[in-house]
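*Asks:* pasting the sequence and the predicted model now:
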Amino acid sequence: MGAQGTRGVPSLTGSRFISVKLLIAAIACAALAAAAPAAGQTAPAPSAAAEISALMKAGKNDEALARAEARLKDNPRDAQVRFMRGVILTEQGKTVEATAAFETLIQEYPELPEPYNNLAVLHAAQGRYESAQRLLHQALLAQPQYVTAYENLGDLYISMAEQAYAKALGLDANNRAAKTKLEATRELNTRIRAVR
């Protein structure tokens, strides 16, 4: 599933973190383009978000996190940098801190879909599928055209199907239909992971 950055659950991790990185890069590029100087003017210093995004894209997550935390000391309500901090923490495997970062963003900015999406990816990676499903639906309520959430919801449903077929086969090892469906969903999950 795509957060905008996690690993673990069959098809609910990794891919959307890449999407989040792309989202962050797109936001940073848009901000830079909007702030581009007219001919003959000096270019303004890059924004904190643009600097953090560049560090993340360069794989310098420790530096990006330090820059984000420095920015947040002076501007604690900067939602974009707070979100980026959550993505960095996720990529660093600091799930508890990342979860807290996204939960706080959701409480303070319930209209933003990305924190719901990323928190859903973290929950799915922990096998908390029902919670992940609820969070993805919240993301879609906040932004009905949020493609990443729809894609993650599809990945989640496939993982939930795999889990259900495995449970059915565990209860009845001779159930050929469940075995065939389990094999099919596992193959589909493998193919989905390869697309990321």
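*Replies:* Structure's in. What do you need?
*Asks:* next structured bit after the top helix by length along the chain?
*Replies:* As assigned by DSSP state H, the longest helix anywhere in the chain is helix 147-171. Beyond helix 147-171 on the C-terminal side, the first helix or strand identified by DSSP states H and E is helix 176-195.
*Asks:* for that next one, C-alpha coordinates in PDB please.
*Replies:* Backbone C-alpha positions of helix 176-195 (Å, rounded to 0.1, in the frame of the first residue of the first chain) are rendered in PDB as follows:
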ATOM      1  CA  ARG A 176      -9.900 -26.300  -3.200                       C
ATOM      2  CA  ALA A 177     -11.700 -23.100  -4.000                       C
ATOM      3  CA  ALA A 178     -10.000 -21.300  -1.000                       C
ATOM      4  CA  LYS A 179      -6.600 -22.700  -2.000                       C
ATOM      5  CA  THR A 180      -7.000 -21.500  -5.600                       C
ATOM      6  CA  LYS A 181      -8.200 -18.100  -4.500                       C
ATOM      7  CA  LEU A 182      -5.400 -17.800  -2.000                       C
ATOM      8  CA  GLU A 183      -2.800 -18.600  -4.700                       C
ATOM      9  CA  ALA A 184      -4.400 -16.100  -7.000                       C
ATOM     10  CA  THR A 185      -4.400 -13.300  -4.500                       C
ATOM     11  CA  ARG A 186      -0.800 -14.100  -3.500                       C
ATOM     12  CA  GLU A 187       0.300 -13.900  -7.100                       C
ATOM     13  CA  LEU A 188      -1.600 -10.700  -7.600                       C
ATOM     14  CA  ASN A 189       0.100  -9.200  -4.500                       C
ATOM     15  CA  THR A 190       3.500 -10.300  -5.800                       C
ATOM     16  CA  ARG A 191       2.700  -8.600  -9.200                       C
ATOM     17  CA  ILE A 192       1.500  -5.400  -7.500                       C
ATOM     18  CA  ARG A 193       4.700  -5.200  -5.400                       C
ATOM     19  CA  ALA A 194       6.700  -5.500  -8.500                       C
ATOM     20  CA  VAL A 195       5.000  -2.500 -10.000                       C
END
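*Asks:* hang on, residue 61 packs against residue 92?
*Replies:* Yes - under the criterion of CB atoms under 8 Å, residue 61 lies in contact with residue 92, with a separation of 5.8 Å. (Glycine included, C-beta is placed from N, CA and C.)
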